[in-house]
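[1] Please work out how this folds:
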Amino acid sequence: MFGIHLNRAREKIVAVADIGSGSAALAILAVPKEGPARLLAAKRSILPLEEREPAAIIAAIGRHLAETGQQVLAEYRKQGGALPVSVYAVIRAPWTQSKTIAARITFPEPTKVSAAMISKLAQQAIASVAVEKDAVLEAGVIRVEMNGYPTAKPVGKPCSELAVTALLSACDSRLRDSAEAALRQLFGARRITTRSGVHAILSVMRGMPDVPEDYLVVDMASEGSNFMVVRDSVTTEHGVSTEGKTTILKRISPDGMMEHTVTLLRLIARGECHDPACEALSVAMAKTEPELVRVFGEVIAKLVSRRRLPNHLILATHDDLAPWLSTLFSRIDFAQFTTTTQPFTVRALKPADFAHQILQDNNVRADSALLTAAALVHTEEGRS
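    Residues are numbered from 1 along each chain as shown. This is a model prediction of the structure:
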């Protein structure tokens with residue numbers, strides 16, 4: 001869980017929390033001016049699977065974040081590490097919902113674009129969405145087009161048509177307050193930068209090699225999954241399912257021992273398990289697949305209301321669930337929803353995919369969700 005490489009020169013120490021539907025994680029990073037960040041400490045705490053009201057889940061996540069953070073900090077300080085100078089929180093579905101909106105303006109003659117024009121169009125786009133002010137987590141421009149073509153530096157250039165695309169993310173204010181209270185308890189009055197899970201994973205995809213411009217993301221948290229359609233590197237549709245890692249494990253764990261099920265899944269994926277317990281799990285998985293297809297198919301069907309989906313699917317889930325779910329999404333007949341009417345080509349995110357941004361050693365490991373949050377920090381801190 002913990003690394004020893006501390007106090008290197010010119011590194012910024014940053015803390016990042018990753019908050020899922022039923023879990024909370026914290027990591028401490030050393031972010032250099034150049035090159036990948038180093039993971040110095042990391043731990044995730046998962047809430048026991050039981051029926052709770054949303055208010056009880058929110059309170060439990062806050063407690064787990066505080067307790068996990070205390071454990072991480074206690075061991076980190078034993079190595080003489082300096083306190084973080086920045087704190088981030090990435091809040092994922094179902095606590096956040098994101099929407100991509102756009103606004104455009106046509107000029108009677110070519111007109112030079114100003115920053116004020118872009119800002120005004122972004123405000124118009126955001127104002128078109130009904131959301132309470134206190135619920136807004138982030139709202140920002142993710143794309144500017146001039147005469148139908150995207151440009152990274154539009155200011156000062158003439159065009160006849162200007163279009164701005166913005167990403168608006170809203171967050172359950174109770175969950176946000178609970179998470180921020182836990183982080184203030186851990187790190188004092190330091191400013192907390194909050195980001196949505198959508199923002200984090202899109203940031204990671206932009207910096208990852210061999211990612212196509214069009215793809216579908218299935219980001220699976222403990223008790224829910226977030227679906228995002230990306231076209232030409234911009235999100236266009238969003239969907240949410242209540243089916244997640246923990247709920248799936250519950251379905252296929254006849255004895256309720258989910259940790260044991262995870263171990264068996266790992267052995268099955270390696271072809272190293274042939275005893276009756278593995279055979280029983282394989283049967284349970286096969287029986288569960290039709291229901292998963294139905295649940296996920298309902299979300300996917302809503303995403304194709306305007307256009308068929310890209311064939312590439314990026315899957316972010318528990319490392320030991322990834323082989324089975326990759327096969328499910330690529331083998332099961334979702335082809336009716338894709339642009340080529342061919343099955344999805346699935347790429348499951350793995351810890352190795354983050355190596356160009358985050359370094360891990362044998363003493364400190366993190367799951368793909370926490371690595372996504374850490375990679376976002378690496379990107380944003382690298383710009384500052």
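[2] what helix or strand does residue 216 sit in?
    Counting by DSSP states H and E, the element that carries residue 216 is strand 215-220.
[3] and that strand, what's its mean pLDDT?
    On average, the pLDDT along strand 215-220 is 92.
[4] what helices or strands is it leaning on?
    helix 197-207, strand 225-231, strand 312-316 (3 or more Cβ pairs under 8 Å, 6 or more residues apart in numbering; DSSP states H and E). In short, each C-beta sits where N, CA and C put it, glycine included.
[5] Which of the three states applies to residue 156?
    Look at residue 156: counting by DSSP: H, G, I helix; E, B strand; the rest coil, its state is coil.
[6] Tell me who's in contact with it.
    By Cβ atoms under 8 Å, 6 or more residues apart in numbering, residue 156 lies in contact with 112-114.
[7] I figured residue 142 hits residue 164, correct?
    No - judged on Cβ atoms under 8 Å, residue 142 makes no contact with residue 164 at a distance of 9.1 Å.
[8] more neighbours, the two?
    Comparing residue 142 with residue 164 by neighbour count (other Cβ atoms under 10 Å), the higher total belongs to residue 164, at 25 against 17.
[9] Okay, and the closest residue to that one other than its chain neighbours sits in which element?
    Excluding its sequence neighbours, the residue lying closest to residue 164 (Cβ to Cβ, 6 or more residues apart in numbering) is residue 121, at 4.0 Å. If you go by DSSP H and E, residue 121 is part of helix 115-127.
[10] Report the angle between the next helix or strand after that helix and helix 115-127.
    Using DSSP H and E, the next helix or strand after helix 115-127 towards the C-terminus is strand 136-146. Orientation check (axes from the mean of the first three to the mean of the last three Cα atoms, to 10 degrees): strand 136-146 against helix 115-127 gives 130 degrees.
[11] From the chain's centroid, how far away is the following helix or strand past strand 136-146?
    Where DSSP H and E defines the elements, the next helix or strand beyond strand 136-146 is strand 149-150. From the chain centre to the centre of strand 149-150 is a distance of 26 Å (Cα atoms, centre = their mean, to the nearest Å).
[12] List the neighbouring strands of strand 149-150 plus their orientation.
    Take DSSP bridges as the rule and strand 149-150 pairs in its sheet with strand 136-146 (antiparallel).
[13] And the partner strand, what's buried?
    Across strand 136-146, burial judged by 16 or more other Cβ atoms under 10 Å covers 137-139, 142-146.
[14] Of those, which is the nearest to residue 329?
    Taking Cβ to Cβ as the measure, residue 329 lies nearest residue 142 of these, at 26.1 Å.
[15] Spit out the contact partners of that closest one.
    Going by Cβ under 8 Å, 6+ apart, residue 142 touches 100, 165-167, 202, 234-235.
[16] quick revisit: can you name the residues in contact with the helix holding residue 121?
    101-105, 139-141, 144, 154-155, 162-166, 168.
[17] among those, which ones are buried?
    101-103, 139, 144, 154, 162-166, 168.
[18] for the residues you listed, which one is nearest residue 307?
    Among the buried ones among the contacts of helix 115-127, residue 102 lies closest to residue 307 (Cβ to Cβ), at 15.1 Å.
[19] would you say the closest one is within a helix?
    No - applying three-state DSSP, one finds residue 102 to be strand, outside a helix.
[20] Show me what the spatially closest residue to residue 71 that is not a sequence neighbour bridges to in the sheet.
    Nearest residue to residue 71, sequence neighbours excluded (Cβ to Cβ, 6+ apart): residue 43, at 6.1 Å. Beta-bridge partners of residue 43, counted by DSSP bridges, are residue 26.
[21] shouldn't residue 43 be in contact with residue 70?
    No - the criterion here is Cβ under 8 Å, and residue 43 misses it with residue 70 at 10.3 Å.
[22] Local confidence estimate at residue 209?
    With respect to pLDDT, residue 209 has a value of 78.
[23] if I pick it, what's in contact with it?
    residue 356.
[24] what does residue 169 give?
    Each residue near residue 169 by Cβ under 8 Å, 6+ apart is listed here: 96-99, 136-139, 196, 198-199.
[25] Check which element follows the helix or strand where it lies along the chain.
    Element membership of residue 169 [criterion: DSSP H and E] is strand 158-171. Of the helices and strands lying after strand 158-171 in sequence (DSSP H and E), the nearest is helix 173-187.
[26] buried sites along that following helix?
    Using 16+ other Cβ under 10 Å as the test for burial, helix 173-187 gives 175-176, 178-180, 182-183, 186-187.
[27] how about JSON lines for the residues you listed, with pLDDT and distance to residue 319 added?
    Converted to JSON lines, the buried residues of helix 173-187 look like this (pLDDT from 0 to 100; distance: Cβ to Cβ, whole Å):
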{"residue": "175", "pLDDT": "95", "distance to residue 319": "26"}
{"residue": "176", "pLDDT": "95", "distance to residue 319": "28"}
{"residue": "178", "pLDDT": "96", "distance to residue 319": "28"}
{"residue": "179", "pLDDT": "96", "distance to residue 319": "25"}
{"residue": "180", "pLDDT": "96", "distance to residue 319": "29"}
{"residue": "182", "pLDDT": "97", "distance to residue 319": "26"}
{"residue": "183", "pLDDT": "97", "distance to residue 319": "26"}
{"residue": "186", "pLDDT": "95", "distance to residue 319": "27"}
{"residue": "187", "pLDDT": "94", "distance to residue 319": "29"}
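[28] now, which of those sits nearest residue 11?
    For those, the closest approach to residue 11 (Cβ to Cβ) belongs to residue 187, at 17.6 Å.
[29] Once you drop chain neighbours, what's closest to that closest one?
    Going by Cβ to Cβ, 6+ apart, residue 187 has residue 87 as its nearest residue, at 5.1 Å.
[30] Within its sheet, name the partner strands of the host helix or strand of the one you found and how each one runs.
    Using DSSP H and E, residue 87 maps to strand 86-91. Note on strand 86-91: by DSSP bridges, its sheet partners are strand 11-19 (parallel), strand 192-196 (parallel).
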